[in-house]
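*Asks:* Dropping the sequence and predicted coords here.
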Amino acid sequence: MDNLNTGLIDAMKSYLPKGDNLANTLMNILYLGKEATYRRLRGEVPFTFAEVATISQYMGISLDKIVGAKLNNNAIFNLNLLKNQHPMDNYCNMIDSYIVLFSELVEQEGAELCTSSNVIPPNLYLKYESLSKFRFFKWMYQHEKRFTTRHYEDMEMPDNLIYRQKKFVYLSQLFPMTTYIWDKEMFARLVKEMKFFLSIELISAESLKKLKEELLLLLDEFEKTSALGQFETGKEVKIYISNVSFESNYSYMESNDYHQSLIEVFAINSITSYDDLLFENLKEWIQSLKKYSILISQSGEVQRKQFFKRQRDVVRRL
């Protein structure tokens, strides 16, 4: 028990932002008095299981890190799955959670976002209303049996969700450093999906035209961004085009005091983990993709022009 208590305290100290007082933080999140808090920190009274769970959730500390257990290289994941009963509400909550995280993280020293993508990352296109609507519609069609015959045109995206999505994109582009490694087929995959829904008459030619217009606007935006090497927010971005394909979207976010790994699953969800070993391996894997990639931001002008020309040709065939 002493070892567990010591492991918990050490883990909290390592995750606590610089300048924050551990005792004050615990009093706020556990609703304990000053003396009860210090008795736990001195090891006189062990933390209860409920207190450990609250600390883990609040600070984002992996439970295996708290107990010091790395059996068989296990890691704990948050599934972040949308619930079938109220998918729109849950989707809004998921966007809100990232808004809160981005708001805090972009202010931290050494904050960085890095993503390797085989499909267009949501933090690039969620501010485009038709594209974001298509993303959610596709998820609903695939995972909601009662919506399998519902048309794209019948789905309504609430104004508050549209606002949230635009804020999500804006905040995601405030990281001091962002790195993207793109699969060169990612626009082709999206175009293929749109053509499928047109073929089964769940989306109209008029809606497809609007999606096509937004895709071309997105390409214009990111050709300019890659040429400048920065977002409209003025923050630096590096964009690589990979010569190998990826099986999924992988991302990590980090600062000097925080890190999180994200792996996209089920089209719209990402499982997340704060596990140290997973983070180190995921980061190493994403960075290793640069060996197969060409930097097109503020560099590789010929390759950049060729890439965007190919993507426009694919989109114009819609």
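*Replies:* Good, I have the coordinates. Numbering: from 1, shown residues only.
*Asks:* where does the stretch 101-250 of the chain have low pLDDT?
*Replies:* Applying pLDDT under 70 to the stretch 101-250 of the chain picks out residues 143-149.
*Asks:* which residues does Glu206 contact?
*Replies:* Not one residue lies near Glu206 by CB atoms under 8 Å, 6 or more residues apart in numbering. C-betas here are computed from N, CA, C, even on glycine.
*Asks:* same thing but 10 Å
*Replies:* Taking CB atoms under 10 Å, 6 or more residues apart in numbering, we find Glu206 in contact with Glu153.
*Asks:* Look up how far Lys127 lies from it.
*Replies:* According to CB to CB, to the nearest Å, Glu206 and Lys127 sit 22 Å apart.
*Asks:* First-to-last residue distance for stretch 16-26?
*Replies:* Chord length of stretch 16-26, first to last residue, is 11 Å (CA to CA, to the nearest Å).
*Asks:* can you give me the mean pLDDT across that stretch?
*Replies:* For stretch 16-26, the mean pLDDT works out to 82.
*Asks:* Would you mark the buried spots in that stretch?
*Replies:* Leu16, Thr25, Leu26 (16 or more other CB atoms under 10 Å).
*Asks:* from memory the last one sits against Lys13, does it?
*Replies:* Same thing as Leu26. No - look at Leu26 against Lys13 with CB atoms under 10 Å: they stay out of range, at 11.4 Å.
*Asks:* quick revisit: which ones among the buried residues of stretch 16-26 map onto helices?
*Replies:* Of the buried residues of stretch 16-26, the ones assigned to helices by DSSP state H are Thr25, Leu26.
*Asks:* As JSON lines, the buried residues of stretch 16-26 with distance to Thr115 would be great.
*Replies:* Listed next are those as JSON lines, based on distance: CB to CB, whole Å:
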{"residue": "Leu16", "distance to Thr115": "27"}
{"residue": "Thr25", "distance to Thr115": "31"}
{"residue": "Leu26", "distance to Thr115": "34"}
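*Asks:* and which of the buried residues of stretch 16-26 is nearest Asp275?
*Replies:* Relative to Asp275, the closest of the buried residues of stretch 16-26 is Leu16; by CB to CB it sits at 18.2 Å.
*Asks:* List the contacts of that closest one.
*Replies:* Leu16 is in contact with Leu22, Thr25, Leu26, Met59, Ile61, Asp257, counting by CB under 10 Å, 6+ apart.
*Asks:* mind running it again at 7 Å?
*Replies:* The neighbours of Leu16, taking CB atoms under 7 Å, 6 or more residues apart in numbering as the test, are Leu22, Thr25.
*Asks:* Ramachandran coordinates for it?
*Replies:* Dihedral pair for Leu16: phi -70, psi 130, per degrees, to the nearest 10.
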